[in-house]
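**Student:** Here's a sequence, model it:
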Amino acid sequence: MPPVPYGWYAVLRSAELRPGRVVNLHYFGRALIAFRGADGQPAVRDAHCPHYGAHLGVGGKVVDGTVECPFHGWRFGTDGKCVEAPFALRTPKVSIGGFPVREHSGLVFVYAGPGEPTWEVPEIPEAAARDFAEPIDDTCRARIHVQEMRENIVDESHFHFIHGQSEPPVQDLRPDGPFAEVRGRIGRRVLGRDINNSFDAFMYGPGVMVVRSHGPVLSVTAVALTTPVDDRTSEMRMLYYLRKPARLPFLVPLLKLVFRAEALGEVREEVRIWDHKIHQPRPVLLPHEKGIRALRRWYAQFYPSEVPAEQLRDLTSRSEVETRVGTGSD
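**Tutor:** Numbering: from 1, shown residues only. Below is the predicted model of the structure:
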């Protein structure tokens, strides 16, 4: 699979990009920097100066809303264009590459793909809602493609073995262009109590998913941000927004403690599995395991059109073995 599906990816939380600071990043197999212009708007650009190759994030600084190279003082604006080159008779007409950028919901998003984006990630209201606590922020990296990170949400059977659900959940994936929604329920025991929550996952392209799970004991919104690091590694950053108990807001630290103990260990178990699994283009799926196939059909739209047709068929088709398992024939 191409390592970078086309779409929006969150590469920073807004609070991590303070005015006047240059932040080093590495995603999509590229060394990158992020900084804010004079108007406070974020920019994400390639990290190396076209003059002589210095890394703008190592010793570089923000000057009047531009990033200044630490080696020879060349300056570049948020649009990537060189605006100053000391001792040059004319400012060189060169630029550093970059991405379209959006900022909302406390996140900085970049669009990886050709041309200008034709769709946007909607705002996430829980990021600013007063009835939700500050999020639990958890980041991990694994040797896996971002598509398979997303497939996790529709892998019905793993909810039993990893997340303690008694039976695989019944899910319904509803595609809508670059968006998709998965609805279901999740039931398990937490600290001796049965939890039976609604489960609604909203997917916004290949890199952003918002999962809302509501119930009488605990309601949480999980923002799953999956981003390619290079052609072998992907990052998953999870922001868990716990709803504050209406009459007992002082219980939030305890709820966070319980949530960390229950949920984050399960995520680490998944990461260990991801680090050693291989991609199965034609998995052997059981009759109830419909989600992976449905998600692969939807996800294929984010790959370049020149991907060979037989490769896309491998991503979405059923195997002969699966058909035999599903029908019960020999």
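**Student:** Could you pull out the helices in the stretch 151-300 of the chain for me?
**Tutor:** 158-161, 252-259, 265-276, 291-299 (DSSP state H, counting those that start in this stretch).
**Student:** So which of the ones you listed is the most surrounded?
**Tutor:** For the helices of the stretch 151-300 of the chain, the largest average neighbour count (mean count of other C-beta atoms under 10 Å) is found in helix 291-299, namely a mean of 20. From N, CA and C alone the C-beta is placed, and that goes for glycine too.
**Student:** gap between it and the chain center?
**Tutor:** Chain-centre distance of helix 291-299: 17 Å, with C-alpha atoms, centre = their mean, to the nearest Å.
**Student:** which residues sit against that helix?
**Tutor:** With contacts defined as C-beta atoms under 8 Å, 6 or more residues apart in numbering, helix 291-299 is touched by 5, 147, 150-151, 153-156, 171, 173, 175, 180, 182, 206, 283, 285, 315-316, 318.
**Student:** For the buried ones among those, write the corresponding PyMOL selection.
**Tutor:** This is how PyMOL selects the buried members of the contacts of helix 291-299, with burial counted by 16 or more other C-beta atoms under 10 Å:
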select buried, resi 5+147+150+151+153+154+155+156+171+173+180+182+206+283+285+315+316
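**Student:** Inside strands: which ones of the contacts of helix 291-299?
**Tutor:** Residues of the contacts of helix 291-299 located in strands (DSSP state E): Leu173, Pro175, Ala180, Val182.
**Student:** The first one and Asp200 touch, don't they?
**Tutor:** No. At 11.7 Å, Leu173 and Asp200 do not qualify as touching, with contact defined as C-beta atoms under 8 Å.
**Student:** what is in contact with these two at once?
**Tutor:** Residues touching both Leu173 and Asp200 comprise Glu181, Val182, with contact defined as C-beta under 8 Å, 6+ apart.
**Student:** re earlier: of the helices of the stretch 151-300 of the chain, which is nearest Asp138?
**Tutor:** In terms of C-beta to C-beta, the element of the helices of the stretch 151-300 of the chain nearest to Asp138 is helix 265-276, at 6.8 Å.
**Student:** other SSEs contacting the closest one?
**Tutor:** In terms of contact count using 3 or more C-beta pairs under 8 Å, 6 or more residues apart in numbering; DSSP states H and E, helix 265-276 is assigned the packing partners strand 136-142, strand 234-242.
**Student:** Alpha carbons of the longest one, as PDB, please.
**Tutor:** Right, the one you point to is strand 234-242. Below are the C-alpha coordinates for strand 234-242, written out as PDB (Å, rounded to 0.1, in the frame of the first residue of the first chain):
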ATOM      1  CA  SER A 234       2.900   4.900  11.900                       C
ATOM      2  CA  GLU A 235       2.000   7.000  14.900                       C
ATOM      3  CA  MET A 236      -1.300   6.800  16.900                       C
ATOM      4  CA  ARG A 237      -2.000   9.700  19.200                       C
ATOM      5  CA  MET A 238      -5.100   9.300  21.400                       C
ATOM      6  CA  LEU A 239      -6.900  12.100  23.200                       C
ATOM      7  CA  TYR A 240      -9.400  10.800  25.700                       C
ATOM      8  CA  TYR A 241     -12.000  13.400  26.800                       C
ATOM      9  CA  LEU A 242     -13.900  12.100  29.900                       C
END
